[in-house]
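Chemist: here is a sequence with its predicted model. Questions after.
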Amino acid sequence: MPDLSNMNGFVTAAGSGIGRASAIAFARAGAKVLVTDIAEDAVEETCEAIRAEGGTAEGRIVDASSEDDAAAVVDEVVSRWGSLDFAHNHAGLGTAAQPFTEQKRESWQRLFDVNVFGLMSFMKYELIQMEKQGSGAIVNTSSVSGKNGSPGLSPYNASKWAVNGMTQTAALEYADKGIRVNAFLPSATMTPALRSWSENSPEEFRSVTEGIPMKRVSSPEEQAAAAVWLCSPESSYITGTLLNVDGGDCILGKQ
């Protein structure tokens, strides 16, 4: 595990799934972590899990679409611990599958408010603080859907292509300022929602796993490991990367 001792940061949407696994993994690596989510109980559960292992965590209720909340989260990390060394922007929404012509503008707006404009706001304040410090690492959760088309998921796909574009543009703009910006791209991951689907539709779930070269879905912890590594000193010469964490799916050009 990378050594993140003396590093401070936060994870958005850290109340469950990949976000919770990420917050716990950062803490296990020695970092102080501000756990943020819109659900108060979920924030406290993640903080308790970290503290039970001897880690340092504080919680904050956050609306990931709010620019004011983005600024406040950055300020809180710095005021508590003195610096913002890493940020994992994980918050994002999905959508039910529908043909392009049946998607409503409201669905696009809802996704973009969080997945694009919310992420933009968090990155803005993270970059401002990290430029003051002269150092820092940002990792964004994108998706393999940000590289290839996924029929029925046009708003989600478009939002993740935007995440990839923002990641690589910021990486170029801040590469000479001591700041690294990367993204990792999960495919099917055993979050609570996917677990429910696997139990309710086992045949459909089996068909998905059989189409993955590694013949299984990932765990949240496997995705979290990528986030921690991309923010660690072990990836010090990596910026602007879009790291597939997908069991080989993107090699096939599919999700």
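Modeler: Great, that's in hand.

Chemist: any idea how far the least confident helix or strand in the chain by mean pLDDT is from the middle of the chain?
Modeler: Every helix and strand in the chain was compared by mean pLDDT, DSSP states H and E; the lowest is helix 192-200, with a mean of 73. Chain-centre distance of helix 192-200: 21 Å, with Cα atoms, centre = their mean, to the nearest Å.

Chemist: elements contacting it?
Modeler: Judged by 3 or more Cβ pairs under 8 Å, 6 or more residues apart in numbering; DSSP states H and E, the packing partners of helix 192-200 are helix 202-210. Where C-beta positions appear, they are placed from N, C-alpha and C, glycine not excepted.

Chemist: list the helices and strands the helix it packs on packs on?
Modeler: Against helix 202-210 (3+ Cβ pairs under 8 Å, 6+ apart) you get helix 192-200.

Chemist: do a quick rundown of the helices in the chain.
Modeler: Listed in chain order, the helices of the chain (DSSP state H) span 17-28, 40-52, 67-81, 105-112, 119-133, 154-174, 192-200, 202-210, 220-231.

Chemist: and the ones you listed, which is most packed in?
Modeler: Of all these, helix 17-28 has the most neighbours on average by mean count of other Cβ atoms under 10 Å, namely a mean of 27.

Chemist: output that helix as PDB, restricted to C-alpha atoms.
Modeler: Extracted in PDB, the C-alpha atoms of helix 17-28 (Å, rounded to 0.1, in the frame of the first residue of the first chain):
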ATOM      1  CA  GLY A  17     -19.700   1.800  -2.700                       C
ATOM      2  CA  ILE A  18     -16.400   3.000  -4.300                       C
ATOM      3  CA  GLY A  19     -16.500   6.300  -2.500                       C
ATOM      4  CA  ARG A  20     -16.600   4.600   0.900                       C
ATOM      5  CA  ALA A  21     -13.900   2.100  -0.100                       C
ATOM      6  CA  SER A  22     -11.800   5.000  -1.300                       C
ATOM      7  CA  ALA A  23     -12.100   7.000   1.900                       C
ATOM      8  CA  ILE A  24     -11.200   3.900   4.000                       C
ATOM      9  CA  ALA A  25      -8.200   3.100   1.700                       C
ATOM     10  CA  PHE A  26      -6.800   6.600   1.900                       C
ATOM     11  CA  ALA A  27      -7.000   6.400   5.700                       C
ATOM     12  CA  ARG A  28      -5.400   3.000   5.800                       C
END
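
Chemist: having no further points to raise, I will conclude here.
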